[in-house]
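Asker: Okay, here's the prediction I keep looking at, along with the sequence it came from:
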Amino acid sequence: MRLLFLSAALAFATAGCATSGGFDKLYPGMSSREVVDAMGHGPTRAQEFPDQSTAWYYGEDRCVLMREDKVVSKATSEDNTSVDTPIVSVRDTSRALCAPEGYAGKEKREQEIDTPFGTYRGNIDPSAAVKKVKGFVTGKDEQAPEKSEQATTPAP
């Protein structure tokens, strides 16, 4: 029986490692054909830039920046924080972003909270959550402070 569980665990671990495909084998200078061959398929989506660069995305977690049919760079999603407790687990992930130099791309972050009541995914703004909790506890919505009128001329 233990051998069955050990075999199943080993199979899942091996399958998990195989999901990156040939992404680890990609390097700058590879042609687009070599990228497709290494990955086993083309990108799931692409984003073009005015400088003739193209970002190829493989899911949400991996991307390759191509220019003139050659790999320029690659990126993967990164876990910034992770909290695992028996009751709740929280993960904050920066999604893979490929953009040529000089093009400021907006970083896409996603949080995932696993609780006994379900899993919540999305972009959770911590300051908004704090305000909401304060409003729930006090029974009031937090109001923005009012601006005070200032004199335009000095008083005599």
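Answerer: Thanks, I have the structure now. None of these values were measured; they are calculated from a predicted model.
Asker: which residues touch the residue nearest to Tyr27 when sequence neighbours are not counted?
Answerer: Closest residue to Tyr27 apart from its sequence neighbours, by CB to CB, 6 or more residues apart in numbering: Val71 at 6.7 Å. Placement of C-beta: from N, CA and C, glycine included. Val71 makes contact with Leu26, Tyr27, Pro28, Gly29, Met30, Val35, Val64, Leu65, according to CB atoms under 8 Å, 6 or more residues apart in numbering.
Asker: Then Ser31?
Answerer: Asp69, Lys70.
Asker: Look at it and report its pLDDT.
Answerer: As predicted, Ser31 sits at a pLDDT of 94.
Asker: so how far is Ala46 from it?
Answerer: 16 Å (CB to CB, to the nearest Å).
Asker: can you tell me how far the residue nearest to Tyr27 sits from Gly118?
Answerer: On the measure of CB to CB, Val71 and Gly118 end up 40 Å apart.
Asker: do the same with Pro43
Answerer: 32 Å.
Asker: what about those two, which has more around it?
Answerer: Taking other CB atoms under 10 Å, Pro43 and Gly118 do not tie; Pro43 has more neighbours (20 against 7).
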